[in-house]
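J.: would you be able to build a 3D model of this:
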Amino acid sequence: MSVPPTSRPLPSSATRSTPRAGPSSATATAPASPKVQSAPLRQRQFVFLLLNQFTFLSFAAAIEPLRIANRMSGQPLYRWTLISENGQDATCSNGTTVRVNGGLGEISRDDVVIVCAGIDVRTNTTQPVVNWLRKVARKGSVIGGLCTAAHTLAEAGLLENRRATIHWENRDGFLEEFTDTDLTKSVFVIDGNRLTAAGGTASIDLVLTLIADDHGKDLANAVADQLIYTTIRTDRDIQRLSIPTRIGVRHPRLSRVIERMEQSIEEPVSPAELAEEVGMSTRQLERLFRRYLNRSPKRYYMELRLARARNLLMQTELSVINVALACGFASPSHFSKCYRAQYGTTPYRERGTHGLEDELGAEPGLDEDDSLLDDLD
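T.: Predicted coordinates for the structure are as follows:
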């Protein structure tokens with residue numbers, strides 16, 4: 001399947017000029033409802049760099065508001081072009097092929113560059129891409145990243161001492177690798193001339209904010225209406241559902257304990273301490289978890305730590321020992337046993353490498369051997 005771009009090739013000169021009245025084609029396709037009339041200050045050019053295995057949803061959620069803004073205003077407020085590293089068609093994570101206008105080349109300082117990434121961002125952040133982004137940054141251009149592309153921007157050194165965001169699933173790996181970035185949990189972040197959005201529909205919120213800044217809230221709201229997007233989120237909104245919504249239980253003390261667990265992965269807190277913090281006995285806490293989550297606090301905590309470990313193994317180049325330490329395991333062999341019980345493989349095999357833990361043989365599952373949970377005593 002091929003999705004052709006709907007823009008002209010990159011211009012040879014700056015594009016921030018006052019546009020002429022909208023073309024007749026834009027007027028002909030305008031909706032029956034009254035258009036929002038805006039007095040455009042400039043016409044902005046967006047350059048979307050599509051990395052291999054980029055997420056189609058976050059890309060579409062960024063480009064469609066631009067198209068609709070043009071349609072609702074009746075004027076070509078925005079233009080865009082699509083590029084890839086080598087100028088060849090880009091393939092996104094769902095297998096769809098997108099036709100691009102060209103490869104990495106010269107752009108205007110006034111162009112807004114948006115990097116679109118997705119699966120396996122480490123592999124797809126190649127040196128030519130990094131070098132090109134650094135060159136663009138030296139011009140002072142606005143550069144953004146959608147979904148996992150904050151990793152690409154950080155790899156190029158463009159997020160040093162900046163606020164940024166990334167998809168929550170990639171947060172753990174990013175924090176381990178890029179300690180000089182102030183990583184938030186927001187749906188999007190605008191820090192000077194750096195833009196990041198967490199992926200999915202967060203791109204809509206980012207672009208609607210840019211449209212509102214350029215041409216006013218009325219136009220942004222009109223675009224949101226066309227998208228059937230009822231609430232425009234701000235950079236103060238966080239990505240993930242609340243803990244009660246995620247676990248399907250609205251119990252204040254249970255939510256507080258789980259939040260504390262999620263914040264204390266590297267240095268786990270004992271059930272006794274957790275219970276004391278919320279004014280309960282350890283036995284009461286045990287009953288609370290079994291009633292609502294059908295597992296003990298220790299088991300739930302272990303699952304959180306192992307999920308974090310799996311993210312780090314898949315997304316970073318940290319050694320297995322360092323992953324174990326980052327997730328609160330003092331013993332690599334104990335970490336390997338717990339990991340194998342949960343996922344049916346060892347951390348080394350997950351990485352495609354081999355270690356001494358592979359000689360341990362099959363271990364019982366977590367549901368069969370609570371001794372694997374004893375590191376919280």
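
J.: alpha carbons only for contacts and neighbour counts from here, please
T.: Fine.

J.: which residues does the nearest residue to Thr55 once chain neighbours are set aside bridge with?
T.: Spatial nearest neighbour of Thr55, excluding adjacent residues (C-alpha to C-alpha, 6 or more residues apart in numbering): Gly118 at 4.7 Å. Here Gly118 sits in beta bridges with Phe54, going by DSSP bridges.

J.: got it, and Ile143?
T.: Residues in beta-bridge contact with Ile143 (DSSP bridges): Val113, Arg194.

J.: which residues does it contact?
T.: If a contact means C-alpha atoms under 8 Å, 6 or more residues apart in numbering, then Ile143 has Val112, Val113, Ile114, Val115, Ala137, Asn193, Arg194, Leu195 as its contacts.

J.: and what of Arg67?
T.: Residues near Arg67 by C-alpha under 8 Å, 6+ apart: Tyr78.

J.: which SSE is it in?
T.: Using DSSP states H and E, Arg67 falls within helix 56-73.

J.: surely the residue nearest to Thr55 and Leu50 touch.
T.: No - here Gly118 does not reach Leu50: they are 9.6 Å apart, not a contact under C-alpha atoms under 8 Å.

J.: which of these two has more residues huddled nearby?
T.: Neighbours were counted for Gly118 and for Leu50 using other C-alpha atoms under 10 Å; Leu50 has more, 28 against 25.

J.: mind checking how far the more buried one is from Leu146?
T.: Separation of Leu50 from Leu146 (C-alpha to C-alpha, to the nearest Å): 10 Å.

J.: shared neighbours of the two, anything?
T.: Listed contacts common to Leu50 and Leu146 are Val115, Cys116, Ala117; contacts here mean C-alpha under 8 Å, 6+ apart.

J.: are any of the contacts of Ile143 buried, and if so which?
T.: By neighbour count, with 16 or more other C-alpha atoms under 10 Å, the contacts of Ile143 hold Val112, Val113, Ile114, Val115, Ala137, Arg194, Leu195 as buried.

J.: isn't the second one up against Gly144?
T.: Same thing as Val113. Yes - under the criterion of C-alpha under 8 Å, Val113 makes contact with Gly144 at 6.1 Å.

J.: may I see the buried ones among the contacts of Ile143 arranged in TSV, with distance to Ile238 and pLDDT as well?
T.: Shown next, in TSV, are the buried ones among the contacts of Ile143 (distance: C-alpha to C-alpha, whole Å; pLDDT from 0 to 100):
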residue	distance to Ile238	pLDDT
Val112	25	96
Val113	24	97
Ile114	21	98
Val115	21	98
Ala137	28	96
Arg194	19	97
Leu195	16	97
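
J.: can you tell me which of the residues you listed is nearest Phe56?
T.: Val115 (12.3 Å; C-alpha to C-alpha).

J.: and the helix or strand containing Val257, what does it pack onto?
T.: For Val257, the host element (DSSP H and E) is helix 252-263. Under the contact criterion of 3 or more C-alpha pairs under 8 Å, 6 or more residues apart in numbering; DSSP states H and E, helix 252-263 touches helix 243-247, helix 271-277, helix 297-315.
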